[in-house]
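>>> I would like to see how this sequence folds:
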Amino acid sequence: DDCSPGSRALTWRRQNKVWSRADFSLFDGKVTSSPPDTAKLDRRVETLLEAGGDAVMANRYGLRLNAKATTSKRRQAEEEEPRAVVDENQTLLAPSLALTFVTDKGLEIVAGVMIEQHGAYTETVESEGATSETKFSSAKLLAKSLGVLRRGGPWSGGFYYLQGAETGRSFDKSATDGSAISGSDVVFIPSRLGVFGEITPGRGIFDFELAFVQARGVGPR
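This next block holds a predicted model:
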């Protein structure tokens, strides 16, 4: 998904419009470790659906609404026996709203909010003689962004900052041997600082963006 606050700001151009998008992808990967010489398969089917629109208001204001939904069906397993097969199906809904204001100097100031709704899902692990299920609860996050864009002749450019967010969600794990545990994990939207622009030499259009994204692993940021 290559749509960012910067790319959305570039496409406004003070015009009323609507858009839609549908992507479908297949991913077939293999991770090899040595030593020991083992290989794990990682296969996914993913979809992305998106629809939105821009509205011009009183010449100086623009309102953008966008709705995005993604799904991912994933299976991981060792290539050789004995293997543990891990299945999970995840969904994500991400509506967003942005307001653009044009100053007397022609600067476009864009402020927006985005909600991410992670659906509840179950991760299933099947191995020789045992099966376990981990049920994750749903989670909702809210991220805010602020950007500035300047248009001038054959080039346009600016920057934006996306303030990330994080929240916890619970999970319950049970197995066929009767064991059960509960816990929590963290879902997050990473903070991001982006510099973007557009160059239009002749009839061509070239967009670029350089983004600095906050890294996050297990534990501290």
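
>>> can you give the distance of whichever strand in the chain runs longest from its chain's centre?
For the chain, the longest strand by residue count, based on DSSP state E, is strand 38-57. Centroid separation for strand 38-57 versus its chain: 8 Å, with C-alpha atoms, centre = their mean, to the nearest Å.

>>> Provide the strand pairings for it, with the direction of each partner.
If you go by DSSP bridges, strand 38-57 pairs up with strand 17-33 (antiparallel), strand 61-78 (antiparallel).

>>> pLDDT at the residue lying closest to N66 once chain neighbours are set aside, what is it?
Spatially, and ignoring its direct neighbours in sequence, N66 is nearest to G52 (3.3 Å; C-beta to C-beta, 6 or more residues apart in numbering). In short, each C-beta sits where N, CA and C put it, glycine included. On pLDDT, G52 comes in at 95.

>>> now the one 10 residues further on
Among the per-residue scores, G62 shows a pLDDT of 95.

>>> what sits against it?
Going by C-beta atoms under 8 Å, 6 or more residues apart in numbering, G62 touches W12, R14, D54, A55, V56, L99, T100, V102.

>>> so which of the residues you listed is the most crowded?
Using other C-beta atoms under 10 Å as the neighbour criterion, T100 leads the contacts of G62 with 23 neighbours.

>>> right, and that one touches G112 too?
No - T100 is beyond contact range of G112, at 9.1 Å (criterion: C-beta atoms under 8 Å).

>>> which residues do these two both contact?
Overlap between the contact sets of T100 and G112, as judged by C-beta under 8 Å, 6+ apart, is given by R64.

>>> circling back: turn the contacts of G62 into CSV, columns for distance to P190.
Formatted as CSV, these follow (distance: C-beta to C-beta, whole Å):
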residue, distance to P190
W12, 25
R14, 31
D54, 26
A55, 30
V56, 32
L99, 23
T100, 24
V102, 30
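
>>> give the residue spans of the protein that score low on pLDDT.
Scanning the chain for pLDDT under 70 picks out the ranges 1, 217-221.

>>> just the strands in it please.
Here the chain has its strands, by DSSP E, at 17-33, 38-57, 61-78, 85-93, 96-102, 108-118, 121-127, 130-136, 139-152, 155-163, 165-175, 180-189, 192-199, 206-213.

>>> any chance of those strands in CSV, plus distance to G6?
As requested, the strands of the chain are exported to CSV (distance: least, C-beta to C-beta, whole Å):
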stretch, distance to G6
strand 17-33, 16
strand 38-57, 15
strand 61-78, 13
strand 85-93, 21
strand 96-102, 11
strand 108-118, 9
strand 121-127, 31
strand 130-136, 32
strand 139-152, 7
strand 155-163, 5
strand 165-175, 19
strand 180-189, 16
strand 192-199, 3
strand 206-213, 5
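
>>> out of the ones you listed, which is closest to D2?
strand 206-213 (8.7 Å; C-beta to C-beta).

>>> burial count for W155?
Around W155 there are 13 other residues, counting by other C-beta under 10 Å.

>>> on that earlier part again, which one of the strands paired with strand 38-57 lies closest to Y160?
Proximity to Y160, assessed across the strands paired with strand 38-57 by C-beta to C-beta, is greatest for strand 61-78 (13.3 Å).

>>> what's the angle between that closest one and strand 85-93?
Here strand 61-78 runs at an angle of 170 degrees relative to strand 85-93 (axes from the mean of the first three to the mean of the last three C-alpha atoms, to 10 degrees).
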